[in-house]
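K.L.:
The following comprises the amino acid sequence and a computationally predicted model.
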Amino acid sequence: MAAASPDWLHNGTGMAPRIAWAFSTDAELVSLSMACETGDLFAVDQSGGLYQLNREGRIGCLSRGLKNARLLRWCDSGDAGVAVCGDDEFCVLDSRLNVLWSADAPSRIVTAAIDAWGHNIALTLENCDNVLLSVDREKLGQFRTLQPLKFLQFSVGKPRLIGAAEYGLLCCYRFNGREVFAEKLWSTVGDLSVTEDGKQIFLASHAHGVQQFDRHGTSQASYIVEGTPNRVSASFFGERVVASTIERHLYWLDADGALLWAAETPEPVVNLICDPLGEWLIVGFQSGRVLRLDWESDRAGSHRPSS
């Protein structure tokens, strides 16, 4: 499924990637998520189409019934996912895209997360409640934050949830609801990415570039890029960071924030996913076009041109 390399990839700065594969959903893309251990990619579009793609970008499973979906999150093992549909409905899915169960939340769902093993899910609600559930429907805990959390991730290796409000708050909580830290932010946040066991936290901060924090919520660095960052994703150990901006710039950075490659994309980016090893990335565009951009062959010294 290799695709011809478009001009925009090579009209930027630095070493351009090749397109390892390309895929298009049947309607505009809503959300992407990746099972990091298996490499499977999961996508949902505006028509309710739900797709599972393997590492080569080929369809493994396809479902048409996920109506009004607006968010999709998948566990690293590939065993389970959670989708948010409409204002307050969510559902848990298995590895074959079957809905195991669904329920309504008491307030509008802002975002959702699932842990790496597919055992627990978390919901953040518009009323500032945050609810932790098992995938077997058992309620495990609940806590409140000063603002509704728009972004949320489980920490891999530690029983913690790391979240950020759209403006003014970065926080971390244990599963029992005990606060680990809560830090004031001075910028609107467009996205959140957490490495390994929460050692590094990256925010796409509209006014302050890509910001890096440590596991205690202490600011470590700001990577200044041209434009207004609204998407960010880091590799598992933070060796690579990919970010996009509202102005349609796409940046591939190293661990120190040095620019490795940048280009202007032809349309808005919906989701970015950095490979856990930092060798490639997935970019999902609003139209439904999904690309895997690959530098892996260049590291090996055997670059293969796109067909």
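P.N.:
Noted; the coordinates are in hand. Numbers count the residues shown, from 1 in each chain.
K.L.:
Now do the buried residues in stretch 265-282.
P.N.:
Within stretch 265-282, the residues scored as buried using 16 or more other CB atoms under 10 Å are 265, 268-276, 278-282. C-betas here are computed from N, CA, C, even on glycine.
K.L.:
Now do the helices in this protein.
P.N.:
For the chain, applying DSSP state H gives helices covering 7-10, 296-299.
K.L.:
For V283, give me its contacts.
P.N.:
Contacts were defined as CB atoms under 8 Å, 6 or more residues apart in numbering; by that measure V283 touches 242, 244, 250, 265, 269, 271-272, 290-291, 293.
K.L.:
If you could redo that for Q220, that was the one I meant.
P.N.:
Residues near Q220 by CB under 8 Å, 6+ apart: 200, 212-214.
K.L.:
one more time with 6 Å, if that's ok
P.N.:
212, 214 (CB atoms under 6 Å, 6 or more residues apart in numbering).
K.L.:
With D94 instead?
P.N.:
Contacts of D94 were listed using CB under 6 Å, 6+ apart, and they are L100.
K.L.:
looking at the helices of the chain, which has the lowest confidence?
P.N.:
If the helices of the chain are sorted by mean pLDDT, helix 296-299 sits at the bottom with a mean of 54.
K.L.:
for the stretch 1-150 of the chain, what are the low-confidence residue spans?
P.N.:
1-4 (pLDDT under 70).
K.L.:
Repeat the analysis, applying 80 as the threshold.
P.N.:
Per-residue confidence of the stretch 1-150 of the chain (counting by pLDDT under 80) places the weak regions at 1-5.
K.L.:
Give me the domain ranges for this structure.
P.N.:
The domain map for the chain lists 1-25+225-301+303-307, 29-144, with the assignment taken from automatic domain parsing.
K.L.:
how much distance is there from the first one to the middle of the chain?
P.N.:
Chain-centre distance of domain 1-25+225-301+303-307: 14 Å, with CA atoms, centre = their mean, to the nearest Å.
K.L.:
and which of the contacts of V283 is nearest F154?
P.N.:
Distances from F154 to the contacts of V283, taken as CB to CB, are shortest for N271 (18.0 Å).
K.L.:
can I assume the closest one is in contact with I282?
P.N.:
No. Taking contacts as CB atoms under 6 Å, N271 lies outside contact range of I282: 7.5 Å.
K.L.:
Can you list the low-confidence ranges for the stretch 151-300 of the chain?
P.N.:
Applying pLDDT under 80 to the stretch 151-300 of the chain picks out residues 296-300.
K.L.:
now do 70
P.N.:
In the prediction, the stretch 151-300 of the chain carries residues with pLDDT under 70 at positions 297-300.
K.L.:
residue ranges for the strands of it, please.
P.N.:
For the stretch 151-300 of the chain, the strands defined by DSSP state E, counting those that start in this stretch cover 160-165, 167-174, 179-194, 200-205, 209-214, 219-223, 229-234, 240-245, 249-254, 259-264, 269-274, 280-285, 289-294.
K.L.:
Tabulate those strands in JSON lines, adding columns for distance to E89.
P.N.:
Supplementary listing: those in JSON lines, determined by distance: least, CB to CB, whole Å:
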{"stretch": "strand 160-165", "distance to E89": "21"}
{"stretch": "strand 167-174", "distance to E89": "24"}
{"stretch": "strand 179-194", "distance to E89": "23"}
{"stretch": "strand 200-205", "distance to E89": "27"}
{"stretch": "strand 209-214", "distance to E89": "33"}
{"stretch": "strand 219-223", "distance to E89": "37"}
{"stretch": "strand 229-234", "distance to E89": "25"}
{"stretch": "strand 240-245", "distance to E89": "29"}
{"stretch": "strand 249-254", "distance to E89": "33"}
{"stretch": "strand 259-264", "distance to E89": "37"}
{"stretch": "strand 269-274", "distance to E89": "21"}
{"stretch": "strand 280-285", "distance to E89": "23"}
{"stretch": "strand 289-294", "distance to E89": "25"}
